[in-house]
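Chemist: fold the following and give me the result.
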Amino acid sequence: MPLVNFTNLDFEEVKSTLTEYLKSNSNFTDYDFEGSNLSSILDVLAYNTYITSYNANMVANEVFIDTATLRENVIALARNIGYTPKSRKAATSSISFFVDTTNITPVPASLTLRKGTVVASQGVFGGGSGSFCILDDITVPVVNKIASFNNIPIYEGTVIEKNFTYSARNPQQKFILPNIGIDTELIRVGVKNNSSSTATVKYSLQDSLFYIGSESKVYFLQEVSDERYELFFGDGSFGKKLDDQNYITVTYLTTNGDAGNGFSQFSFNGRITYARDGNEYTVTTGISLVTPEFSSRGGSAIEGVESVRKYAPKIYSTQNRAVTADDYETLIPARIYPDTESISVFGGEELNPPQYGKVFISIKPKFGDFLPNLIKENIKLKLKKYAVAGVVPEILDLKYLYIEISSKIYYNTNLASSSADVSSIVSTNASKYANSTELNKYGARFKYSKFLKIIDDSHPSVTSNITIMRMRRDLRIVPSTIAEYQIGFGNQFHIANSGGYNIKSSGFRVFGISENLYLGDIPNSEGTTGSLFFFSLPNVGSQNPSIVRSNIGTIDYINGIITINAVNIIAGIEKDGQQIIEIQATPLSNDVVGLQDLYLQLDTSNSTFEMVSDEIASGLDPSASSYIVSSSYAEGNLVRVGVPDNVTPTVVTTADITTTNNSFTGTTSTSGASGGSSTPSGAGGGY
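Modeler: Below is the predicted model:
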């Protein structure tokens, strides 16, 4: 009887197979396999087979990137298809301080802040502390006995210098940096002819062989075992080849990654020097307090195994070119802008009317709400290496679609210590959902039923909830400028009242009208479109509106688009230094989707969670004669809270008149993808 079952990994079944095999042999016909010493031998054989099979299975798993579990193996497989995982990233901040040189005689012409540790944190982040460094010397002039160091970028970690001497007689020589936690973006590499030479040539990091000649002074980098990195240099065809006895100096930063985020108080811990008569002197007095421009941020851990599994095959599939939307969505976060939290890319052919030859990109950065213009230009410049000729990339400002919640939460008072405790737990769980990966990405969907379950499961005392939701966008205005505006919600509006007032806005001021105005709507007979009007109220809570100006724009309830005709809005409410109008609508479906470049956000700061005693469940009112009923439909004010401060209208001349088509997300557009502002400053867009 042959042993035919080679795939069995169960110990008992392996032993049973071996026993059946021996029983079929006539030499063992009369043996008692269960009671004899042969049973022990079979145990050893079965155990050995079991271990061998397990090892073979695990080895086979480690051969493929989808099933490998050891980081070294996943990295090696990714390296074979040209993917280098992102390293740990140092938290950064920017500081300013000055040095008073009054006590130095004579006053030096300049002072130099030496590379290395500059400041130390004062233990405000989780009770910990850290040091922040610079990687290059910074020299500033002394003016009126004051040397000002302004906006100095600093990085959390420790600066380390490693030296190598290249030997042409050792073809297997490796240049491995022995430390873990290296930020590869901050590596500095210099090469000298030999160790006694004074002239250093800087080498730059490259990740591809394109645009590299035989004399290009470049180096390449790859991750090896234990999260360390290996440098290697050109061979004379791709990159300049090293000469025998070349002396290599590598300066790099080891960092704690995301543990360095959140520091906001620093004390000076660096070294400042000046030179005189060939000697170097250290400054120890006259150094002011250190002022940070912002709390340290941007630190992150090394790219995880799951992320490598996700992006390595995608990078390989792009073949270093950007043709499809997936190519852009892969290349930008992996190769061009690693601080991308989420990205949305769509072609101009998806718009109505289509805009052929353009690709529209919207990026949510990990830190902050919008990309600075300089970073946008850098991204577009780097994309030229990958993009197809004739395709123009356009980077759109991030546009937020806010979800606001108003929830009445019924709870059993017998099971809760207080309503405040339950409300706090519900608010915390809502915030966790708001920060989850389900929402913080493009193409996200707010799942209404799941959110209701989160509320119900927050505390054993919660018996039910009546939750009303609304969606909001913030329309940026161009104050004291005649402009037309268009803003889209990407979701169909619900018409609750055929008589109008289905949308609500915050207050704003229009040139020539002295009172605060609000935006209202009135549906047409078919119920798919409507017209807009301005109205005023005696106070925010009033139900007696006065229409001030009719037919000032249109509303498309199906596509969720609001268009305001040319008007001179002189003021709105202020938010993040911008003049805006908050516009609110009720979605037709409670499952709201972030369409194209709309970034869905659950705005917990504008949401309410009100506790209501469930007297039936508590036993206080079994007959339900005094049960508190909560409406499932939106009610209340005709407008949103918020009005502009008193403003002085600006006289508008003909030269001031411009027309601006603003933020839009829907199926039609007159001003480019998603209605990005056409003004040079980018003002007037929704966000």
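Chemist: please enumerate the helices of the chain.
Modeler: 11-23, 38-61, 71-80, 305-318, 325-331, 373-383, 419-434, 448-456, 615-618 (DSSP state H).
Chemist: the third one: which residues count as buried?
Modeler: In terms of neighbour count (16 or more other CB atoms under 10 Å), helix 71-80 has its buried residues at Arg71, Asn73, Val74, Ile75, Ala76, Leu77, Ala78. No exception for glycine: its C-beta is placed from N, CA and C like everyone else's.
Chemist: cool, and the fifth one?
Modeler: Judged by neighbour count (16+ other CB under 10 Å), helix 325-331 contains these buried residues: Ala325, Asp327, Tyr328, Glu329, Thr330, Leu331.
Chemist: I'd like the buried residues of helix 71-80 as TSV, with distance to Lys380 and pLDDT appended.
Modeler: Shown next, in TSV, are the buried residues of helix 71-80 (distance: CB to CB, whole Å; pLDDT from 0 to 100):
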residue	distance to Lys380	pLDDT
Arg71	34	90
Asn73	37	91
Val74	32	92
Ile75	31	91
Ala76	34	90
Leu77	32	91
Ala78	27	90
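Chemist: what number of residues are in the vicinity of the residue lying closest to Pro85 once chain neighbours are set aside?
Modeler: Leaving out its chain neighbours, the residue that sits closest to Pro85 by CB to CB, 6 or more residues apart in numbering is Glu303, at 4.1 Å. When counting by other CB atoms under 10 Å, one arrives at 22 neighbours for Glu303.
Chemist: isn't Glu303 right up against Lys89?
Modeler: No: counting by CB atoms under 8 Å, Lys89 is not a contact partner of Glu303; they are 9.7 Å apart.
Chemist: on that earlier part again, give the contact list for the residue nearest to Pro85.
Modeler: Residues counted as contacts of Glu303 (CB atoms under 8 Å, 6 or more residues apart in numbering) are Pro85, Lys86, Ser87.
Chemist: where strands are concerned, which of those count?
Modeler: Among the contacts of Glu303, DSSP state E puts none in strands.
Chemist: who wins for most neighbours among the residues you listed?
Modeler: Counting by other CB under 10 Å, top hit in these: Ser87 with 25 neighbours.
Chemist: look up how far Ile134 lies from that one.
Modeler: 19 Å (CB to CB, to the nearest Å).
Chemist: got it, and Asp645?
Modeler: Where Ile134 is concerned, Asp645 sits at a distance of 43 Å (CB to CB).
Chemist: compare those two (neighbour count), which wins?
Modeler: Ile134 (21 against 8).
Chemist: my guess is the more buried one meets Ile154, correct?
Modeler: Yes: with contact defined as CB under 8 Å, Ile134 and Ile154 form a contacting pair (6.0 Å).
Chemist: now for the two: what residues contact both?
Modeler: The contact lists of Ile134 and Ile154 share Val118, where a contact means CB under 8 Å, 6+ apart.
Chemist: burial check on the closest residue to Asp621 other than its chain neighbours, number of neighbours?
Modeler: Nearest residue to Asp621, sequence neighbours excluded (CB to CB, 6+ apart): Glu615, at 3.8 Å. Residues lying near Glu615 (other CB under 10 Å) number 19.
Chemist: please apply the same query to the one 4 residues further on.
Modeler: Counted with other CB under 10 Å, the burial measure for Gly619 works out to 10 neighbours.
Chemist: list the contacts of the closest residue in space to it that isn't next to it in sequence.
Modeler: Residue nearest to Gly619 in three dimensions, not counting chain neighbours: Asn414, with 7.3 Å by CB to CB, 6+ apart. Counting by CB under 8 Å, 6+ apart, Asn414 touches Ser461, Ser618, Gly619.
Chemist: between those residues, which sits nearest Asn269?
Modeler: Ser461 (51.9 Å; CB to CB).
Chemist: the closest one contacts Ser417, doesn't it?
Modeler: No: with contact defined as CB under 8 Å, Ser461 does not reach Ser417; the gap is 9.1 Å.
Chemist: more crowded one of those two?
Modeler: Between Ser461 and Ser417, counted using other CB under 10 Å, the more crowded position is Ser461 (22 against 9).
Chemist: what about that one, distance to Ser626?
Modeler: 20 Å.
Chemist: same deal with Val422?
Modeler: 21 Å.
Chemist: those two: which has the busier surroundings?
Modeler: Legend: neighbour count by other CB under 10 Å for Val422 and Ser626, higher for Val422 (23 against 9).
Chemist: for that one, what are its contacts?
Modeler: Ile409, Tyr411, Ala416, Ser458, His459, Ser461, Val462, Met611.
Chemist: can you map out the strands along the stretch 251-400 of the chain?
Modeler: 266-268, 272-276, 279-283, 291-292, 340-347, 358-365, 392-396, 399-411 (DSSP state E, counting those that start in this stretch).
Chemist: now those as CSV including mean neighbour count and distance to Gly572?
Modeler: As requested, those are exported to CSV (neighbours: other CB atoms under 10 Å; distance: least, CB to CB, whole Å):
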stretch, mean neighbour count, distance to Gly572
strand 266-268, 17, 38
strand 272-276, 16, 48
strand 279-283, 12, 50
strand 291-292, 15, 32
strand 340-347, 20, 27
strand 358-365, 22, 24
strand 392-396, 19, 22
strand 399-411, 22, 16
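Chemist: Glu62 is nearest to which of the ones you listed?
Modeler: strand 340-347 (30.2 Å).
Chemist: show me where pLDDT drops low in the stretch 401-550 of the chain?
Modeler: For the stretch 401-550 of the chain, no stretch is flagged by pLDDT under 70.
Chemist: and the residue nearest to Ala444 when sequence neighbours are not counted, how many neighbours?
Modeler: In this structure, Ala444 finds its nearest non-sequential neighbour in Leu600, 4.4 Å apart by CB to CB, 6+ apart. Neighbour count for Leu600, taken as other CB under 10 Å: 24.
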